[in-house]
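>>> what follows is a predicted protein model with its sequence.
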Amino acid sequence: MLRSIFPSFVLIIALSSIAEACGPRVEIRFYEDAGGDVFEITNTSQEAWSVASLVLTLTGSRGRLVFDTEDGGLGASMYQPFSAGREDVGFIGASPVNDGSEVVALKFSEFRPGQTFTFVVDVDDRLQSETFFEEYDGQAMVSDAEIEGASGSARMIKLSEEGAGIRAREEARAEGAFGSKGLAVLGGGGLCA
């Protein structure tokens, strides 16, 4: 009996260690820093998927979040306009991030697996608070739980050699939403063999 179970058990372990998540995969991490609210985007694809564009949508977040890019308006206290990091991922540009908006679209030319891109922009919630102090500090400080429900969608491109110098191009979409820990995992693929 033990002999018949052992080979099956070894086969299951071997297959599970070989199988990895494939297809396009991107992680977006949100956190508060002394310099502002940071979005850190990492291409975690196991295959040669590059991020061509990414749309970050705050709509649907528990805290009813908005970008606070100008003095006054919907945001609370200090504001911070959109500022892109200096990572070499072929950042082409971003859609205008207006005060009170909930969406930003980013374009890239060379955002390959293993690379990270960050941007800073003030994000505030629109929840009603009981006191002035809670309103001032509470709306200006966004917690991981308040970003839950915000989402991301990335258009991914994979180029591969087909022979005789011909390159094949695949496109895919990776989508996902933020959980309560300030992390969104955008994924589209199954398992590698």
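Looks like it arrived, so ask away. Numbers count the residues shown, from 1 in each chain.
>>> how about the helices in this protein?
2-18, 132-140, 144-147 (DSSP state H).
>>> would you mind listing the buried residues in the shortest one?
Yep, that's helix 144-147 we're talking about. Within helix 144-147, the residues that count as buried by 16 or more other Cβ atoms under 10 Å are 144, 146-147. C-beta: built from backbone N, CA, C; applies to glycine.
>>> just for the chain, where's the confidence low?
1-21, 73-77, 128-141, 161-166, 188-193 (pLDDT under 70).
>>> the strands in it, which residues?
25-33, 36-43, 49-57, 66-67, 83-84, 91-94, 103-111, 116-120, 123-124, 151-163, 166-177, 183-187 (DSSP state E).
>>> buried deepest among those, which one?
strand 123-124 (a mean of 27; mean count of other Cβ atoms under 10 Å).
>>> next one: that one to chain centre, how far?
17 Å (Cα atoms, centre = their mean, to the nearest Å).
>>> again, but for stretch 22-34
In terms of Cα atoms, centre = their mean, the centre of stretch 22-34 is found 4 Å from the chain centre.
>>> give me the most central residue, this structure.
Ile28 (2.5 Å; Cα atoms, centre = their mean).
>>> for it, which non-adjacent residue is closest in space?
Ala184 (4.4 Å; Cβ to Cβ, 6 or more residues apart in numbering).
>>> test my guess that that neighbour contacts Gly176.
Yes - Ala184 is in contact with Gly176 according to Cβ atoms under 8 Å; the separation is 5.0 Å.
>>> which residues do these two both contact?
Common contact partners of Ala184 and Gly176 (Cβ atoms under 8 Å, 6 or more residues apart in numbering): 151-152.
>>> wait, Thr42 touches Pro113, no?
No - using Cβ under 8 Å, Thr42 makes no contact with Pro113, being 9.2 Å away.
>>> one step back: so the residue nearest to Ile28 bridges to which residues?
In this entry, Ala184 is beta-bridged to Ile28, Phe178, by DSSP bridges.
>>> need the contact list for it.
27-28, 30, 150-152, 176-178.
>>> same check, this time on Arg64
Contacts of Arg64 by Cβ under 8 Å, 6+ apart are 125-127.
>>> ditto for Gly93
106-107 are the contacts of Gly93 under Cβ under 8 Å, 6+ apart.
>>> good, we can wrap up now.
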